[in-house]
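Participant: Turn this into a structure:
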Amino acid sequence: MFYWFLKRVLAGPILRILFRPWVRGLDSLPTEGPAIIAGNHNHFMDSIFVPLLAPRPVVYLAKKDYFTGRGIKGAVTRWFFKLNNQLPMDRGGGSGSQASLESGLKVLREGNSLGIYPEGTRSPDGKLYRGRTGIARLVLESGAPVVPVAIIGTDKLQPAGRLIPKLRRVGVVFGAPMDFSKYSGLPVDRFMLRSVTDEIMYEIMRLSGQEYVDSYASTVKTKLLTSAKPKKPESDKDSAKGKDVSTGRDAAQRKDAAKTQGSSRDEPESGDENTSASA
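Facilitator: Predicted coordinates:
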């Protein structure tokens, strides 16, 4: 009940005014029965725009962090996602991921639409990355058709460092349903899972026009984080350079003064210069 109130009365009209979303291919979305809505993922609002424009509810598998936050902010986030038909998904593998898979299968067995992002996480740069095979498991175990969807423009909503999203148009393109019944009854192995996943990713790429990268988005994110090294500020470099010049000048002045005064020392002048330079 709250889902429809939020979509049609509370948040929906405001989002339509602010972002003026456009949509194509709505007739491709099955009006009833289970369906897997598989799309690209560039922004957290992807999970808002697709249900906003779809004529039927879409239940999304969202990362479990949204449901485990503490304090007032955590409680509000958890409440919001639950009321928006979002289910927690464990991306850590093992029993947690299996439980997430079962949650998704339950949604499909009840005849509902399940939204999922095969990339597993948001794209770090607006490109389309290799899909995780969890979606293939859902497809083969449920027998539900897959509707590829491209969310366009959300990668430009919130550039790095910007707290508030930009007000710009976004679009959603639904593709023709994909039927994988040809695999029914066949033994499932990793090659089949990869084949199904890649076929889905190709359709998403075709609809979105994104550049495809045959690597996992999570791997690229990790590399970007580890390769980002803090650079020494230019002001520090200039200061150090100025200090070296000043030190050298002082050494030269002391050397000239020693010659002029005829000062005799036990150590040669070159020793004084080295000492001054290393001080």
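Participant: contacts, neighbours, all on C-alpha from now
Facilitator: OK.
Participant: the strands in this structure, which residues?
Facilitator: All strands of the chain, identified by DSSP state E, fall at 22-24, 35-39, 58-63, 86-89, 113-116, 128-129, 146-152, 171-174, 212-213.
Participant: Could you tell me the least trusted of those?
Facilitator: Mean pLDDT per stretch puts strand 86-89 lowest among the strands of the chain, at a mean of 73.
Participant: Could you list the paired strands of that one along with their orientation?
Facilitator: strand 58-63 (parallel) (DSSP bridges).
Participant: to the chain's geometric centre, what's the distance from the partner strand?
Facilitator: 15 Å (CA atoms, centre = their mean, to the nearest Å).
Participant: Make TSV out of the strands of the chain and add distance to residue 137 and mean neighbour count.
Facilitator: Below are the strands of the chain laid out as TSV (distance: least, CA to CA, whole Å; neighbours: other CA atoms under 10 Å):
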stretch	distance to residue 137	mean neighbour count
strand 22-24	28	15
strand 35-39	12	26
strand 58-63	15	22
strand 86-89	15	22
strand 113-116	12	24
strand 128-129	19	28
strand 146-152	12	26
strand 171-174	22	22
strand 212-213	22	14
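Participant: which stretch among the ones you listed comes nearest residue 103?
Facilitator: Taking CA to CA, strand 86-89 is the member of the strands of the chain nearest to residue 103, at 7.7 Å.
Participant: any idea of the pLDDT on residue 265?
Facilitator: On the pLDDT scale, residue 265 gets 43.
Participant: whoops, residue 241 was the one
Facilitator: 51.
Participant: Residue 80 too?
Facilitator: 70.
Participant: Distance check, it against residue 52.
Facilitator: 15 Å (CA to CA, to the nearest Å).
Participant: So for these two, which residue has more residues nearby?
Facilitator: residue 52 (22 against 14; other CA atoms under 10 Å).
Participant: ok, that one - contacts?
Facilitator: By CA atoms under 8 Å, 6 or more residues apart in numbering, the residues touching residue 52 are 7, 12.
Participant: if I read this right, residue 120 contacts residue 132, doesn't it?
Facilitator: Yes: contact criterion CA atoms under 8 Å: residue 120 and residue 132 qualify, at 6.4 Å.
Participant: Name the nearest residue to residue 213, sequence neighbours excluded.
Facilitator: Closest residue in space to residue 213, ignoring its immediate chain neighbours: residue 129 at 4.9 Å, by CA to CA, 6 or more residues apart in numbering.
Participant: any idea how far residue 187 is from the one you found?
Facilitator: In terms of CA to CA, residue 129 sits 27 Å off from residue 187.
Participant: With residue 141 instead?
Facilitator: Taken as CA to CA, the span from residue 141 to residue 187 is 12 Å.
Participant: More neighbours: which of these two?
Facilitator: residue 141 (13 against 7).
Participant: where are the low-confidence patches of the stretch 101-250 of the chain?
Facilitator: Across the stretch 101-250 of the chain, the ranges flagged by pLDDT under 70 are 228-250.
Participant: Can you name the residues bridging to residue 114?
Facilitator: residue 36, residue 59.
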